[in-house]
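Peer 1: Following is a predicted model, sequence given first.
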Amino acid sequence: HRALCPDLPGAPGTGLQDCVDALPSAPVVLGHSMGGMVAEALAQARPPRLLIHLCSYLPRPGDSLAALDRLLPSPPRRWPRDASGRLILPPEAARAMMYPDLPEAVVAPALARLRPQPVGPMRDPLPGPSRAAVRRHYIICGADRAIPPALQRAMIARAPVEHLHETPWGHSHFLSDPQDLAALLDRILRAEGLAAAP
């Protein structure tokens, strides 16, 4: 399989639609974390054949990431902002939420890649009026501390998916065991008849 991992725009004023506009069309789209919002918005504009959510936000039309975060009765997370208003995830919070199962040799470069995040993609609601007619798989990560499994399940209860995969993984399994994640994605693609040509 050939995979692309485009960077999303991060300029101060960036909105959800700006992220969609920056992405190419693709037969399969995988959304991780906040990328689930972008993946669903892309599906509304240019539906792929398959949409895979990896411990990501799973909105219905009208939902914003901020609204989905309030589905669980936990205290809201407050992050500092830079001079232009973008959110900054402090390294100690990122380490605890996204990388608790990773060795320092992997965590340090991951932390160095983090950038301030524009609030638009978190504030903007998914456009509607109805969900894109796309087949969806959701990979629940049972040890996720960034998007807790209870929140993942609450979103799935509101916005059902065709296939659910339960794993014991943390939030960043693509760093802790990329081969394991790749094997699951390969099984999903084969089950959907989207296997790579030999």
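Peer 2: Looks like it came in fine. Numbers count the residues shown, from 1 in each chain.

Peer 1: give me every residue that touches Leu175.
Peer 2: Tyr99, Leu102, Val106, Ala110 (Cβ atoms under 8 Å, 6 or more residues apart in numbering). Every C-beta, even on glycine, is put in place using the N, C-alpha and C of the backbone.

Peer 1: Then Leu50?
Peer 2: Neighbours of Leu50 in contact, by Cβ under 8 Å, 6+ apart: Pro27, Val28, Val29, Val134, Arg135, Arg136, His137, Ile188, Leu189, Glu192, Leu194.

Peer 1: That one - nearest residue in space that isn't next to it in sequence?
Peer 2: Val28 (4.7 Å; Cβ to Cβ, 6 or more residues apart in numbering).

Peer 1: Over to Tyr99?
Peer 2: Val107 (4.7 Å).

Peer 1: just to revisit the earlier point, the residue nearest to Leu50: neighbour count?
Peer 2: 18 (other Cβ atoms under 10 Å).

Peer 1: Quick check, it in contact with Gly193.
Peer 2: No. With contact defined as Cβ atoms under 8 Å, Val28 does not count as touching Gly193 (11.5 Å).

Peer 1: Now do the strands in this protein.
Peer 2: For the chain, strands defined by DSSP state E occupy the ranges 28-33, 50-56, 135-141, 163-167.

Peer 1: to the chain's geometric centre, what's the distance from the second one?
Peer 2: This means strand 50-56. 7 Å (Cα atoms, centre = their mean, to the nearest Å).

Peer 1: buried sites along stretch 57-70?
Peer 2: Of the residues in stretch 57-70, Tyr57, Leu58, Pro59, Arg60, Pro61, Asp63, Ser64, Leu65, Ala67, Leu68 count as buried by neighbour count, 16 or more other Cβ atoms under 10 Å.
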